[in-house]
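>>> quick one, what's the 3D model for this:
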Amino acid sequence: MIDDQPTAQPLTGEAVNTANRLGLVLAAMAVVSFVASVGNFATRQIDAGVSAASMSLLAAGASLAYRSAELRRVRQVQRDGDKTHRGATY
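As a prediction, the model looks like this:
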(Lines give C-alpha, C1' and ligand atoms only; values in the text may rest on other atoms or scores of the structure.)
Protein backbone atom coordinates (compact mmCIF):
# COMPACT_ATOMS: atom_id res chain seq x y z
CA MET A 1 0.00 0.00 0.00
CA ILE A 2 1.34 3.43 -0.96
CA ASP A 3 0.74 6.34 1.38
CA ASP A 4 0.21 9.41 -0.81
CA GLN A 5 -0.74 11.69 2.06
CA PRO A 6 2.12 13.66 3.65
CA THR A 7 2.55 13.12 7.35
CA ALA A 8 3.57 15.53 10.07
CA GLN A 9 6.57 13.43 11.06
CA PRO A 10 9.31 12.68 8.53
CA LEU A 11 10.23 9.07 7.89
CA THR A 12 13.46 7.71 9.30
CA GLY A 13 16.37 9.24 7.44
CA GLU A 14 14.16 11.76 5.64
CA ALA A 15 15.28 15.37 5.81
CA VAL A 16 12.96 18.09 7.13
CA ASN A 17 12.47 21.05 4.78
CA THR A 18 13.55 24.13 6.74
CA ALA A 19 14.01 26.48 3.78
CA ASN A 20 11.13 28.79 4.74
CA ARG A 21 11.63 28.69 8.50
CA LEU A 22 13.69 31.91 8.70
CA GLY A 23 11.18 33.79 6.57
CA LEU A 24 8.31 32.62 8.75
CA VAL A 25 10.16 33.57 11.95
CA LEU A 26 10.77 37.04 10.56
CA ALA A 27 7.09 37.34 9.59
CA ALA A 28 6.04 36.31 13.10
CA MET A 29 8.45 38.85 14.54
CA ALA A 30 6.89 41.53 12.33
CA VAL A 31 3.41 40.68 13.58
CA VAL A 32 4.47 40.71 17.24
CA SER A 33 6.28 44.03 16.75
CA PHE A 34 3.21 45.50 15.07
CA VAL A 35 0.98 44.45 17.98
CA ALA A 36 3.49 45.94 20.42
CA SER A 37 3.52 49.13 18.38
CA VAL A 38 -0.26 49.43 18.49
CA GLY A 39 -0.22 48.77 22.24
CA ASN A 40 2.43 51.41 22.81
CA PHE A 41 0.55 53.98 20.77
CA ALA A 42 -2.65 53.14 22.68
CA THR A 43 -0.91 53.84 25.99
CA ARG A 44 0.60 57.07 24.58
CA GLN A 45 4.18 55.81 24.63
CA ILE A 46 5.05 57.37 21.31
CA ASP A 47 8.81 56.70 21.31
CA ALA A 48 8.37 53.00 22.07
CA GLY A 49 5.56 52.81 19.50
CA VAL A 50 7.71 54.32 16.77
CA SER A 51 10.57 51.95 17.65
CA ALA A 52 8.28 48.92 17.53
CA ALA A 53 6.70 50.10 14.27
CA SER A 54 10.09 50.54 12.62
CA MET A 55 11.19 47.10 13.84
CA SER A 56 7.96 45.68 12.44
CA LEU A 57 8.61 47.24 9.03
CA LEU A 58 12.21 46.03 8.97
CA ALA A 59 11.22 42.48 9.93
CA ALA A 60 8.42 42.42 7.34
CA GLY A 61 10.79 43.66 4.64
CA ALA A 62 13.45 41.13 5.58
CA SER A 63 10.86 38.34 5.58
CA LEU A 64 9.56 39.29 2.14
CA ALA A 65 13.07 39.62 0.75
CA TYR A 66 14.16 36.24 2.13
CA ARG A 67 11.07 34.40 0.96
CA SER A 68 11.14 35.95 -2.51
CA ALA A 69 14.84 35.07 -2.89
CA GLU A 70 14.09 31.50 -1.81
CA LEU A 71 11.21 31.22 -4.29
CA ARG A 72 13.40 32.66 -7.04
CA ARG A 73 16.06 30.06 -6.25
CA VAL A 74 13.50 27.23 -6.37
CA ARG A 75 12.13 28.43 -9.71
CA GLN A 76 15.67 28.57 -11.12
CA VAL A 77 16.38 25.01 -9.95
CA GLN A 78 13.12 23.86 -11.56
CA ARG A 79 14.01 25.61 -14.83
CA ASP A 80 17.47 24.07 -14.83
CA GLY A 81 15.99 20.64 -14.13
CA ASP A 82 13.53 21.02 -16.98
CA LYS A 83 16.36 21.89 -19.37
CA THR A 84 18.46 18.89 -18.41
CA HIS A 85 15.56 16.40 -18.47
CA ARG A 86 13.87 17.51 -21.71
CA GLY A 87 15.46 14.85 -23.84
CA ALA A 88 15.26 12.11 -21.22
CA THR A 89 13.13 9.02 -21.84
CA TYR A 90 11.48 7.33 -18.90
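
>>> looking at the helix or strand where A59 lies now, give me its mean pLDDT.
According to DSSP states H and E, A59 maps onto helix 46-85. Taken as a whole, helix 46-85 has an average pLDDT of 90.

>>> buried set for it?
G49, A52, A53, M55, S56, A59, A60, A62, S63, Y66, R67 (16 or more other CB atoms under 10 Å). Quick note: C-beta positions are derived from backbone N, CA and C, even for glycine.

>>> who are the packing partners of that helix?
Where contact means 3 or more CB pairs under 8 Å, 6 or more residues apart in numbering; DSSP states H and E, helix 46-85 is packed against helix 21-42.

>>> and for L26, the neighbour number?
L26 has 19 neighbours, counted by other CB atoms under 10 Å.

>>> G23 now?
19.

>>> ok, it - contacts?
Contact analysis of G23 by CB atoms under 8 Å, 6 or more residues apart in numbering lists S63, Y66, R67, E70.

>>> can I get the residues you listed in JSON lines including distance to V25?
What follows is the contacts of G23, written out as JSON lines (distance: CB to CB, whole Å):
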{"residue": "S63", "distance to V25": "8"}
{"residue": "Y66", "distance to V25": "10"}
{"residue": "R67", "distance to V25": "11"}
{"residue": "E70", "distance to V25": "13"}
